[in-house]
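K.L.:
Structure for this input, please:
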Amino acid sequence: MPTLPKTASTIVTGHSVKPYLSLDHMVAFALSAAYKALHGWLRGQPHDELALLNRLTEELRYGTCPEWPETARSLIYDLRRQLFVLHKRGGKQSGDDGGTDAYGADLAITLNIFSRPLSIDGPAGPSVFSKTALFQLKTDENFRTKLERRQLLQPRGLAGHSFVLYADETKAEFRVQSTRETIKQLGPEPAELKGEKPHDVFTHDWQTLAEWLVSWLTCQVGEFSTDGQRQIIEQALDRFGIWREDASSPLIRFRQNAKRPTPADYESLAGVGNTDLPLTASWLVIDIYSFASPNDFQ
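P.N.:
Have a look, this model is predicted:
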């Protein structure tokens, strides 16, 4: 890996996208996609979290990426984005009324960077940068929302990758915080989680989306994945797969009968009790094949 220079604006921690891609361009794309989704969601109805999730996945999957300078654009990277639908239904636990949220997220995003061109002849080789973020999506007003400790404790083996993404309906802004920090914000854990009331949480002082993106892409927050860890995470999420966007070009070994889920599929995967929403989530995998560093064009 190249020696990473320290800058006044960003503390480099040993892993970063900066040796491979333009950090500014990546942040600009993600901010543009997220706020297009948020503003479109606010203009329409209903204002529920599933509707916002739909908007976010649309913009992140199909949104236009920032352009490189004309002389270098075709020399920098190839891009592949794939969207998967996951169920989140876990097994029954003692004292529960039914299925549990298996990994505690509404949206998973994996960013992989490979140091060679995209090829149809074989695998891209090991990743030089890989991170996965799991988001629990919350919407509310005036930077206040309610959170349940039990839900925040769900991402058992992936807690270091887990965040709460809060969208404010009145201010039209995002805030982000790790689930670990959010759990601390709730105060001491009670002896019995069952029956604990939701906590009122103030989100204004969480990171803004722009702050979080820079921190995440330079590995100041969120766990970095080695190539082996990347494959383990992908296999773990693969177990929840019920549909992939393009069955003819699999990213990983997905179930052979992968298909777009029907209402009956959603019903069978839904939670129990009084909930009307299915326990489903989206997983967006962004593969970038970077074979020229931004530094090569300075």
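
K.L.:
Show the contacting residues for the residue nearest to residue 58 when sequence neighbours are not counted.
P.N.:
Spatial nearest neighbour of residue 58, excluding adjacent residues (Cβ to Cβ, 6 or more residues apart in numbering): residue 37 at 7.0 Å. Where you see a C-beta, it was placed from the backbone N, CA and C, and this is true even at glycine. Applying Cβ atoms under 8 Å, 6 or more residues apart in numbering, we find residue 37 in contact with 52, 55-56, 58-60.

K.L.:
and residue 37, what helix or strand is that in?
P.N.:
Remark: residue 37 resides in helix 23-43, with elements defined by DSSP states H and E.

K.L.:
buried stuff in that helix?
P.N.:
Using 16 or more other Cβ atoms under 10 Å as the test for burial, helix 23-43 gives 23, 25-27, 29-30, 33-34, 36-38, 40-42.

K.L.:
same thing with stretch 163-178?
P.N.:
163-168, 173-178.

K.L.:
what's the span of it, first residue to last?
P.N.:
Length of stretch 163-178, first residue to last, Cα to Cα, to the nearest Å: 4 Å.

K.L.:
now that stretch: mean pLDDT?
P.N.:
For stretch 163-178, mean pLDDT is 97.

K.L.:
cool, stretch 111-120 as well?
P.N.:
79.

K.L.:
Could you list the buried residues of that stretch?
P.N.:
Here stretch 111-120 shows 111-115 as buried, counting by 16+ other Cβ under 10 Å.

K.L.:
want to throw these into CSV with distance to residue 231?
P.N.:
As requested, these are exported to CSV (distance: Cβ to Cβ, whole Å):
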residue, distance to residue 231
111, 15
112, 10
113, 15
114, 13
115, 17
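
K.L.:
how about the helices in the stretch 51-200 of the chain?
P.N.:
73-76, 149-152, 179-185 (DSSP state H, counting those that start in this stretch).

K.L.:
Mean neighbour count added to those, as a markdown table?
P.N.:
Compiled in a markdown table, those are given as follows (neighbours: other Cβ atoms under 10 Å):
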| stretch | mean neighbour count |
| --- | --- |
| helix 73-76 | 13 |
| helix 149-152 | 17 |
| helix 179-185 | 17 |
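
K.L.:
looking at those, which is closest to residue 222?
P.N.:
helix 179-185 (10.7 Å; Cβ to Cβ).

K.L.:
Identify the residues contacting that closest one?
P.N.:
104, 136, 147, 149, 152-153, 155, 159-160, 162-164, 177, 189, 201.

K.L.:
Among those residues, which are located in strands?
P.N.:
By the criterion of DSSP state E, membership of these in strands covers 136, 147, 162-164, 177, 201.

K.L.:
And the residues you listed, which two are furthest apart?
P.N.:
The two members of the ones in strands among the contacts of helix 179-185 with the most space between them (Cβ to Cβ) are 162 and 201, at 15.6 Å.

K.L.:
Tell me which of these two has more neighbours.
P.N.:
Legend: neighbour count by other Cβ atoms under 10 Å for residue 162 and residue 201, higher for residue 162 (26 against 19).

K.L.:
thinking again about what came up before, would you mind listing the two of the contacts of helix 179-185 that lie farthest apart?
P.N.:
Farthest pair in those, by Cβ to Cβ: 160 and 201, 20.7 Å.

K.L.:
Tabulate the ones in strands among the contacts of helix 179-185 in TSV, adding columns for distance to residue 183.
P.N.:
As requested, the ones in strands among the contacts of helix 179-185 are exported to TSV (distance: Cβ to Cβ, whole Å):
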residue	distance to residue 183
136	12
147	9
162	10
163	12
164	10
177	10
201	11
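
K.L.:
Please name the residues that touch residue 113.
P.N.:
Neighbours of residue 113 in contact, by Cβ under 8 Å, 6+ apart: 17, 20-21, 127-130, 288-290.

K.L.:
How about it, nearest residue that isn't a chain neighbour?
P.N.:
Nearest to residue 113 is residue 129, by Cβ to Cβ, 6+ apart, at 4.0 Å.

K.L.:
Would you mind listing the residues in contact with residue 34?
P.N.:
56, 59-60, 174, 209.

K.L.:
What separation is there between it and residue 82?
P.N.:
As for residue 34, its distance to residue 82 is 19 Å (criterion: Cβ to Cβ, to the nearest Å).

K.L.:
Equivalent analysis for residue 154, please.
P.N.:
Counting by Cβ to Cβ - residue 154 and residue 82 are separated by 25 Å.

K.L.:
Tell me which of those two has more neighbours.
P.N.:
Neighbour count, other Cβ under 10 Å: between residue 154 and residue 82, residue 154 has more, with 21 against 18.

K.L.:
Distance-wise, check residue 60 relative to residue 182.
P.N.:
From residue 60 to residue 182 the distance is 23 Å (Cβ to Cβ).

K.L.:
Thank you, goodbye.
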